[in-house]
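Q: how would this look folded up:
(chains A and B)
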Number of protein chains: 2
Amino acid sequence: MSQTPKFNPARAMQLHEIERWDIETDVAVVGFGGAGSCAAIEAARAGASVQVFEAFSAAGGSTALSGGEVYLGGSGGTPVQLKFGFADSTEDLFNYLMMQHAPQGDEAKIRAYAEGAAAHFDWLVQQGVPFKESFLDERVVEPMTDDCLIYSGNEKAWPEVAHCKPAPRGHAVQMEGMGAGAVLMQHLERVALEAGVHAHYDCRALCLIVDDQGAVAGLVVRQDGRELAVRARGGVVLCAGGFVMNEEMLRQYAPQLLRGNNPIGNPGDTGAGIQMGLSVGGLAINMHEGFFSLPFYPPSTLTYGIIVNDKGQRFINEDAYHGRVGTEILAQASERYYFIVDVDAYGSYEALNFMAADVVATGDSVEELEQELGLPARTLVNTLETYNRFAAQGEDPLCHKQPEWLRPLETPLVALDVTPGRGAFYPYFTLGGLDTLPSGEVRKADGSLVPGLYAAGRTAAGVPRRGRGYNSGISVGDATFSGRQAGIAAAKRAGCGSGPLWERRPAAN
Amino acid sequence: MSQTPKFNPARAMQLHEIERWDIETDVAVVGFGGAGSCAAIEAARAGASVQVFEAFSAAGGSTALSGGEVYLGGSGGTPVQLKFGFADSTEDLFNYLMMQHAPQGDEAKIRAYAEGAAAHFDWLVQQGVPFKESFLDERVVEPMTDDCLIYSGNEKAWPEVAHCKPAPRGHAVQMEGMGAGAVLMQHLERVALEAGVHAHYDCRALCLIVDDQGAVAGLVVRQDGRELAVRARGGVVLCAGGFVMNEEMLRQYAPQLLRGNNPIGNPGDTGAGIQMGLSVGGLAINMHEGFFSLPFYPPSTLTYGIIVNDKGQRFINEDAYHGRVGTEILAQASERYYFIVDVDAYGSYEALNFMAADVVATGDSVEELEQELGLPARTLVNTLETYNRFAAQGEDPLCHKQPEWLRPLETPLVALDVTPGRGAFYPYFTLGGLDTLPSGEVRKADGSLVPGLYAAGRTAAGVPRRGRGYNSGISVGDATFSGRQAGIAAAKRAGCGSGPLWERRPAAN
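A: Take a look at the predicted model:
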């Protein structure tokens, strides 16, 4: 390409502007993370030539930075679920995910995911991804051991527990310590390369190329300071992550997330994939939503504590998933939030200090604590009196914390300030993206599809749609699963493969 | 036009598909409501030929169905504000609107509005719109008399009262009874026609026409069963309202609003204007936001009552604007909401029954009421004890209701069920739309503008951005104000006029 216009992911080039193709392929994949690697593997397996363009010098994306947890179940149960006696029907998984993401859940996508999730576990195992056959029955954000199966969401918390049969569905990739996403990505990268995928590293996608019918013909990438025109006969699969690292987009679409202090993702989560989709008429939806969390456990003993607002009131069951707790805090109109725990729970917290919240008051009596916190007289006293009275009976009629986490709080008490913006750890990321079919095909405002364009992972609005309904493992699960579907679909458009859009396993129940 | 493709507002026609122009004009305006009429007036006054296309058989749009309140002030004060001693600086208005709509307020738009609002009042008066020089010092949603000036938002409520100098800014068009928007629209329609605007009624805009450079060349309309191609030399101004009547779009973008039972708007609020903008690369933003309200006053005496959730807790100052109260209810995770009032307040409520909430419990004692409502023991009792103890001192340290609305609640008490979906009146409408400059020019994802396209009123994301920060009169204010700017800008592109994008009045302070 001789010309060097100022490239902008939000502005597509016209086909007639392209003088020659520097690279030709069946399927071009933008981003070599969880979604991109799986798209590449499936497209290559279907017989397509595949080229992946990764902006950084290594594969991995945000998946490699994650805990390597995959939220899976249904079809009777994965082998790990079954080994520990957790039968998990497709309907249970479907209903749970629908409840988590109502009212904006995408039923077709959740259906496809629920039907294909257990087979997706088998597929990951077939790629050589290691999972230990173990169940860790603890309240953790992710295993710090090499264990596999955990409860990683709201399965055992109200109101889900009253409507959906609980099952642990977080499947962590085997690795000692946190951050097993790196192991997952090592395997997915290896498999992709073994399958014949051509990976370009340090090679940034600049913009799409669109023909005069509105079909995506390819993209422009920059490598070694040169712009290259890439022809993608089947299509371009956008797996470029979300937009959590793009402050301007956050301000425009999801400004409330900026109350957090820890954007979760890799520096490439700039929204460029979403912008490319917009540039050719793709629709972006759910753009205001995000994961916004207060990961206050471990230690799980903090779950015995209570969270109160600036009125001294409880407002959430403290055994809810940490993402729901954070999102609820974000939704409330309160100037302060406090975690109130007894000395025993505080001791285990202090040892870890995972949440990084400061002690702002202590009290040998509730009255003293209330006064130190500057709460209106008798508000916290009443809250504690009510909580303890019911907890002694194993009940929480206000917030429905489950009996296993109920025990009266005894003085002396400690209050941690968990107000967003005052030090406590509040990680966040985006849950909006391109509107896609379960196949990854990108929809336009008129409901038609952008020919030749696919999106997966956080570049698309996927299965997870709500901060309140988020579960650990659903991003990596959705990214790898939706990546596979998009790879299959793009290969098919290039005339390769003819498989179903998602795999189903015969139901065991 | 010989061809009759299936027209879709979300799919633009290409210029080369147009065989001949049936209508040619400088400026084409879609929609003859508050925004459209003002766009048409200004474009015509600038010397442009203007044609307005209105889907229904009369002008009016949703503005005609409104209370005819216009939220205005600044520049020292409007004549009505000044007559009653309310000096209102531009900075006070600016700061207040910024606070209402943070974090997603558009500073440039709010600045333009704050600077131009008082002059906009003068302009409306010049068009013959009647405003009585009177001030109604009551807590009302809109005057039921022919009075003008009211407090129509959160000016005197916490937290605004602590940060912004309060001033009444709701200016209601003079008319006995509610619904003065019809009077406003009679005048704006008359003025537009007098200015030479050609209005087509029963004439629906079907889709835009775009040239191969991406500029809007005109639109297709349907009149008497025929499709007509309209060439708009300066541009097309989309003033087609929001999308509150489009359930599919609501489900896609703002599903939480569907918890309301009364979509506010006219049947033409189908989102077609927004879809047309999307079809040519325009960006839609703030699409999840809406006005969602519990208009519980009149009678204002209900403000002496308290609102509690299913935990028996108060959560909002009941003297907040009804739109904030409704939005707060929507944001909370509670299964029930009750308005608890004494018999005196209930009597005035029953006479009007404006809110349509049912009595679900009565109690000669708080304990009895608590039991009847099925609230956990001593929760409501504690809430009332706390509320009354502080109210007796003229304080509300929990929710900051102002002293004028504080008096201890005395038994017997009545509880009204105000849970969304259980009968109470919950009107709602959308606050998302096309991303525009203060001039009405429509922005694309890459920050560039769509040449020849303008949007105003609820087709654009305007000054009002948050349900929590909505004020009565800001929609009509924003629609008429932004319509004028868009009309001026479109006329200018047609080579007519050269005025500033918004008028300023010399500041009086």
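Q: Just confirm yes or no for stretch A:362-376 near chain B.
A: Yes. Stretch A:362-376 reaches chain B (C-beta under 8 Å from any C-beta of the partner chain) through A:P376. Every residue, glycine included, has its C-beta placed from N, CA and C.
Q: Other residues contacting that stretch?
A: A:308, A:310-312, A:336, A:338, A:340, A:360-361, A:377-381, A:384-385, A:411-415, B:386, B:390, B:397-398 (C-beta atoms under 8 Å, 6 or more residues apart in numbering or on different chains).
Q: mind listing what's buried in it?
A: A:363, A:366, A:369-370, A:373, A:375-376 (16 or more other C-beta atoms under 10 Å in any protein chain shown).
Q: ditto for stretch A:8-20
A: So for stretch A:8-20, counting by 16+ other C-beta under 10 Å, buried means A:8-13, A:15, A:18.
Q: In JSON lines: the residues you listed, plus distance to B:A114.
A: Output for the buried residues of stretch A:8-20, formatted as JSON lines (distance: C-beta to C-beta, whole Å):
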{"residue": "A:N8", "distance to B:A114": "32"}
{"residue": "A:P9", "distance to B:A114": "35"}
{"residue": "A:A10", "distance to B:A114": "30"}
{"residue": "A:R11", "distance to B:A114": "33"}
{"residue": "A:A12", "distance to B:A114": "38"}
{"residue": "A:M13", "distance to B:A114": "41"}
{"residue": "A:L15", "distance to B:A114": "46"}
{"residue": "A:I18", "distance to B:A114": "48"}
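Q: Out of those, which comes closest to B:F135?
A: A:A10 (48.9 Å; C-beta to C-beta).
Q: Please produce JSON lines containing the buried residues of stretch A:8-20, extended by pLDDT and distance to chain B.
A: Converted to JSON lines, the buried residues of stretch A:8-20 look like this (pLDDT from 0 to 100; distance: C-beta to the nearest C-beta, whole Å):
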{"residue": "A:N8", "pLDDT": "94", "distance to chain B": "5"}
{"residue": "A:P9", "pLDDT": "97", "distance to chain B": "8"}
{"residue": "A:A10", "pLDDT": "96", "distance to chain B": "4"}
{"residue": "A:R11", "pLDDT": "95", "distance to chain B": "4"}
{"residue": "A:A12", "pLDDT": "96", "distance to chain B": "10"}
{"residue": "A:M13", "pLDDT": "96", "distance to chain B": "12"}
{"residue": "A:L15", "pLDDT": "97", "distance to chain B": "13"}
{"residue": "A:I18", "pLDDT": "96", "distance to chain B": "16"}
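Q: Show me the contacts of stretch A:362-376 that map onto strands.
A: Judged by DSSP state E, the contacts of stretch A:362-376 include A:308, A:338, A:340, A:360-361, A:413-415 as members of strands.
Q: Sort out which one of these lies nearest chain B for me.
A: Chain B has its nearest neighbour among the ones in strands among the contacts of stretch A:362-376 in A:V308, at 10.8 Å by C-beta to the nearest C-beta.
Q: roughly how far out does stretch A:150-165 sit from the chain middle?
A: 18 Å (C-alpha atoms, centre = their mean, to the nearest Å).
Q: One more: stretch A:433-451?
A: With C-alpha atoms, centre = their mean, you get 20 Å for stretch A:433-451.
Q: what does stretch A:409-425 give?
A: Counting by C-alpha atoms, centre = their mean, stretch A:409-425 comes out at 27 Å from the chain centroid.
Q: can you list the residues of the stretch 201-350 of chain A near chain B?
A: A:212, A:251-253, A:255-256, A:258, A:275, A:278-279, A:281, A:283, A:285, A:287-289, A:311-316, A:328, A:331-333.
Q: now, which of the residues you listed lie within strands?
A: Using DSSP E, those in strands are A:I285.
Q: Can you pull out the low-pLDDT segments for chain A?
A: In the predicted model of chain A, residues A:1-5, A:498-509 satisfy pLDDT under 70.
Q: if we go to 80?
A: A:1-6, A:351-354, A:498-509 (pLDDT under 80).
Q: which residues of it fall in helices?
A: A:34-45, A:61-65, A:79-83, A:90-101, A:107-126, A:160-163, A:181-194, A:247-253, A:272-279, A:322-331, A:343-352, A:366-372, A:379-391, A:474-493 (DSSP state H).
Q: Provide a list of residues in contact with A:F339.
A: A:F339 touches A:296, A:302, A:305-307, A:355, A:357, A:415-416, A:418, counting by C-beta under 8 Å, 6+ apart.
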